[in-house]
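*Asks:* what would the 3D arrangement of this be:
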Amino acid sequence: MGALTSGWTPLSVLKAALAVSMLVCLVAPAVVSAGKVNPYEEAPEKPKLPEVEESLAGFGLLMLVMVLVIVFVVGYLLKNAHFHYLHESGAAMLIGLVTGILIRYGTNAETLRGVVAFDQHFFFLVLLPPIIFESGYNMKRGHFFYNFDSILWFALLGTMVSMILTGLLVYLFSGVIGMTAVKLELIDCMFIGAILSATDPVTVLSLFKELGVTPNLYANVFGESVLNDAVAIVLYKLVENFVHNPFTAGSLLLSLLNVLKILIGSVVIAAITGGGAALLFKHTDLHKYPQMESALLILHAYISYLAADDFGFSGIVAILFAGIILNQYAYYNLSKVSQRITRRFFEIVPLVFETFVFIYLGMILFTFDQEFDIALCVITFIILLLTRAAHIFPLSFIVNIFRGEDHKIPRNEQIMMWFSGLRGAIAVALSLNVPSYNSKIILSNTLIIVFLTVIVFGGMTVPMLNYLKIPIGLTDVKDLEDNEVDFLKQNKWMRWNREFFKPFLIANYNASNRPGEASESAGHKNGAQSPKETRAAAPQVSVAAADAPYDPNAAADYGSYDDPYTSGDYNEQPYGSYDDSQQVELDSVGTGSPPSRATYSV
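*Replies:* Next up is the predicted model:
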């Protein structure tokens, strides 16, 4: 696949980023403050809805749905035109921005503004869980676990380094040197560090998948961003503890131990809910009722999120690992109908919710009262570039020391990882209720950073990939490389998984079916043929036939799922018995050929 763009250099990218950043920092404060009476006035509480206000609320919801439809149509046009300089997420933010302007200056109804205002609790309890769960449930597990060491380095230590350096440098220029209009306290700067340590490279990852970049680059950026969100929230809570408690070496040590406790506790809750669901599906006949079976899997995922939050752990970490565990074990105890239902459900719902969030992010700039500090915006933006470089490159060097030559992170991928540090919804949600007198400044500063990174860095992803000569167009890659297969075969955790956990949690699991070995007869519910024989002998089924009405009286089929989007063929494969080779020969990053319209046949 040839270069998609030409004439772009890092200098031109940097000039464009700085130009847009200065434009946003100069124009946005003037436009927002034009309609304000008192920047320190608290936002009015949402009034109770009588008949007139209830009608306005209904109109507000209708307007949001209409905007959502417009965003999807615009996204289709952008994809169809292969225009990579503005991603759907960036378009959603810009359309939300225009909608926010119309609401603020085109209406006088406070109720309407209240309906479309960003609600932190609604975000964390409703919108976020499906998005995080989908990341684990539909994850390309092979490449994720193959790069798990580097992912942990970047997500845990890297996020802590980013938070500390960002907070201290912002304090140096604002609280000590006084280069900003408002002198921030150290605790305010540490809040900024914790908030902006949460990366959300949705735009970059979507382009990575669309263009087909190297699987290990995708896995590192994806894995860091998912675990990083949870670590950032924990660090935010850690800083919040020091608002009313004195800062000492002992309290810092206890806080760090608390972070470790939260992460371990979250994984334990995920293991309990995910393993419990696998055993439930294994020892019951729920496969006869696929709707009920699918609903139970979805509820188990949500239980892990709520339970972790209620016990003081991290719901994000819990639901992420619940998705991995449910996909690893419970998925293979489901009927083929439930496998298809849950896959599609967790592809569509997170897409809608994620788009909704980006629309909200655009609207917040004008539906919330803002207080801008231009100097703080520019200083913070530059500091974030430096602090991300300060942990990506050193940690990559450390990781490469312990890796073989065929598994090192090359310099061009390190630079791309540095470039992929976009900020998003998690950062904005955390900045909504900062316990500080400067909370409005922190919120406004966060919004500007999110806009800059999503619009500028997201739009410059393709030129940067071309300049760094990172291979693209790898959409036909399906299997892991030989060295990756060997790694997963020899890894003791993977061996324990094959020998102990899978036989215990998966119905009639045949432990002899390991990667690289011939399949023995499968102890499978459908018959005595081996898994590979079953799939090889079975004819392909058309999409129309695969979606035929389900007969609950028919025998249920169990087995692995050959996703048409990763296999490169939209004719769905019949679901055969579980084959452990599927665990290692996992689908790689990238999508197959776009599906053609299904043909209806009688």
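*Asks:* tell me which element the closest residue to residue 235 other than its chain neighbours falls in.
*Replies:* The spatial neighbour of residue 235 that comes closest, neighbours along the chain excluded (Cβ to Cβ, 6 or more residues apart in numbering), is residue 194 at 4.4 Å. (C-beta placed from N, C-alpha, C; glycine too.) Assessed by DSSP states H and E, residue 194 sits inside helix 186-196.
*Asks:* ok, back up a step: tell me how far the residue nearest to residue 235 lies from residue 187.
*Replies:* To residue 187, residue 194 is 11 Å away according to Cβ to Cβ, to the nearest Å.
*Asks:* what touches both of those two?
*Replies:* Counting by Cβ atoms under 8 Å, 6 or more residues apart in numbering, the shared contacts of residue 194 and residue 187 are residue 239.
*Asks:* and the pLDDT for residue 26?
*Replies:* pLDDT for residue 26: 48.
*Asks:* and what of residue 336?
*Replies:* Looking at residue 336, its pLDDT is 90.
*Asks:* one more: residue 375?
*Replies:* Residue 375 is given a pLDDT of 92.
*Asks:* ok, back up a step: higher neighbour count, residue 194 and residue 187?
*Replies:* residue 194 (30 against 18; other Cβ atoms under 10 Å).
*Asks:* please point out which parts of the one helix or strand residue 93 maps to sit buried.
*Replies:* Using DSSP H and E, residue 93 sits in helix 88-106. For helix 88-106, burial by neighbour count (16 or more other Cβ atoms under 10 Å) applies to 88-97, 99-101, 103-104.
*Asks:* just the closest of those residues to residue 80, please.
*Replies:* residue 88 (11.8 Å; Cβ to Cβ).
*Asks:* residues contacting the nearest residue to the closest one once chain neighbours are set aside?
*Replies:* Closest residue to residue 88 apart from its sequence neighbours, by Cβ to Cβ, 6+ apart: residue 75 at 3.6 Å. Neighbour list for residue 75: 88, 91-92, 355 [criterion: Cβ under 8 Å, 6+ apart].
*Asks:* list just the nearest of these to residue 205.
*Replies:* Relative to residue 205, the closest of the contacts of residue 75 is residue 88; by Cβ to Cβ it sits at 12.3 Å.
*Asks:* residues in contact with that closest one?
*Replies:* Going by Cβ under 8 Å, 6+ apart, residue 88 touches 71-72, 74-75, 78-79, 206, 355.
*Asks:* which of those count as buried?
*Replies:* 71-72, 74-75, 78, 206, 355.
*Asks:* narrow these to those in helices?
*Replies:* Of these, the ones assigned to helices by DSSP state H are 71-72, 74-75, 78, 206, 355.
*Asks:* which residue in these has the weakest pLDDT?
*Replies:* residue 206 (79).
*Asks:* count of residues packed around the residue nearest to that residue when sequence neighbours are not counted?
*Replies:* Leaving aside its sequence neighbours, residue 206 sits nearest to residue 87 (Cβ to Cβ, 6+ apart; 6.2 Å). Neighbour count for residue 87, taken as other Cβ under 10 Å: 25.
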